[in-house]
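Engineer: predicted structure and sequence below. I'll ask about it afterward.
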Amino acid sequence: MGTTQLESVPEPKYWHLRTVLSEALDSEFTVGEILPNERDLAARFGVARATLRQALEQLELEGRLQRRRGVGTTVAPPRVGVAVGTEQHVWPGAPGDAWHAADCTTAAPPASVAGLLETADGESVHIVRRSLVTHGQPAAAELLYIPAASVPDLSAIDAPSGAARARAVLRELQRLELEGQDRAVELGSARADDAKELDRLPGAPVLVVTTRFFTEGRTTAVSVATYRADTCRLTFGDSGGVEIHHDPERRAS
């Protein structure tokens, strides 16, 4: 690699460096590749390490870079599109669904979810845990809440726990006729359990997408999906409707 010295520019030096680094990422590096250490990068671009850190932090915020514990700074994969406001309605687990069903438990949902499901206080529901991985890295984690009344024939299925149970619940849910769904998006911060599953530090920015599924005029299931904000972008469908809130303390589980 050649040496690129930064000339005097009217904009902040770190911002100009961020632009130069971004161009280098496009032309010289591949997804997942580890960047040289800070000393080498600072020498290459003729800047102080403090300036370099500012530029790297900006690129991380933009989703171009990822800092992975025990690995270093790597080139991030393209952002995952999170569709909102689309007129296409499908059940979780339908053909073509890229989510991986990991587990299924039975417990009372958080009060906010119970309110959406209109279940009684303390009433247990099926909770399916799923994950979404892109380019070998975690992009999102989902908890899908399904009342027993939505899958009444589930007790006859011999799948007591784990991924098999999760897939069984999803199959039973797909027997119902889906009438519609709606989504709300919130900006939040990853709590410890989210951070561990998403390979992020606690407090990292996340997008929390809550989806309600309707059958026969009632809410049949509720999905709460937590996306890494550095690897995802919102895409708008036919209706273009989306609610965006900022509440760093909010995170349904």
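Structural biologist: Everything's here; your move. Numbering: from 1, shown residues only.
Engineer: where do the helices sit along the stretch 51-200 of the chain?
Structural biologist: Assigned by DSSP state H, counting those that start in this stretch, the helices in the stretch 51-200 of the chain fall at 111-117, 162-173, 192-198.
Engineer: for the helix or strand following the last one, which helices and strands make contact with it?
Structural biologist: It refers to helix 192-198. Counting by DSSP states H and E, the next helix or strand C-terminal to helix 192-198 is strand 205-215. Where contact means 3 or more CB pairs under 8 Å, 6 or more residues apart in numbering; DSSP states H and E, strand 205-215 is packed against strand 80-84, strand 180-189, strand 218-228. No exception for glycine: its C-beta is placed from N, CA and C like everyone else's.
Engineer: and those: which comes nearest H100?
Structural biologist: strand 218-228 (12.8 Å; CB to CB).
Engineer: now that closest one against strand 205-215, angle please.
Structural biologist: With axes from the mean of the first three to the mean of the last three CA atoms, to 10 degrees applied, the angle from strand 218-228 to strand 205-215 works out at 160 degrees.
Engineer: middle-most residue in this protein, spatially?
Structural biologist: With distances taken as CA atoms, centre = their mean, Y227 lies nearest the centre of the chain, 1.4 Å away.
Engineer: thought that residue was touching V209?
Structural biologist: Yes - using CB atoms under 8 Å, Y227 is in contact with V209, at 6.6 Å.
Engineer: beta partners for T226?
Structural biologist: According to DSSP bridges, the partner residues bridging T226 are A141, V208.
Engineer: poorly predicted segments of this protein, please.
Structural biologist: Within the chain, the ranges that satisfy pLDDT under 70 run 1-10, 79-88, 155-159, 236-253.
Engineer: sorry, back to before: could the helices of the stretch 51-200 of the chain go into a markdown table alongside mean neighbour count and distance to G136?
Structural biologist: Compiled in a markdown table, these are given as follows (neighbours: other CB atoms under 10 Å; distance: least, CB to CB, whole Å):
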| stretch | mean neighbour count | distance to G136 |
| --- | --- | --- |
| helix 111-117 | 16 | 31 |
| helix 162-173 | 19 | 19 |
| helix 192-198 | 16 | 14 |
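Engineer: can you tell which of the ones you listed is closest to R67?
Structural biologist: Of all the helices of the stretch 51-200 of the chain, helix 192-198 comes closest under CB to CB, at 13.1 Å.
Engineer: gap between R233 and D97?
Structural biologist: Applying CB to CB, to the nearest Å, the value for R233 to D97 is 19 Å.
Engineer: sorry, that was for R39
Structural biologist: On the measure of CB to CB, R39 and D97 end up 45 Å apart.
Engineer: between these two, who's got more neighbours?
Structural biologist: Between R39 and D97, counted using other CB atoms under 10 Å, the more crowded position is D97 (14 against 10).
Engineer: mind listing what that one touches?
Structural biologist: V90 (CB atoms under 8 Å, 6 or more residues apart in numbering).
Engineer: equivalent analysis for the one 4 residues further on, please.
Structural biologist: Contacts of A101 were listed using CB under 8 Å, 6+ apart, and they are G93, V128, R129, R130, A163, A166, R167, L170.
Engineer: which one is the third one nearest to, not counting chain neighbours?
Structural biologist: I take that to be R129. Excluding the flanking residues, the one nearest R129 by CB to CB, 6 or more residues apart in numbering is D103, at 4.5 Å.
Engineer: and for the residue nearest to V31 when sequence neighbours are not counted, the neighbour number?
Structural biologist: Excluding the flanking residues, the one nearest V31 by CB to CB, 6+ apart is P77, at 4.8 Å. When neighbours are counted by other CB under 10 Å, P77 registers 16.
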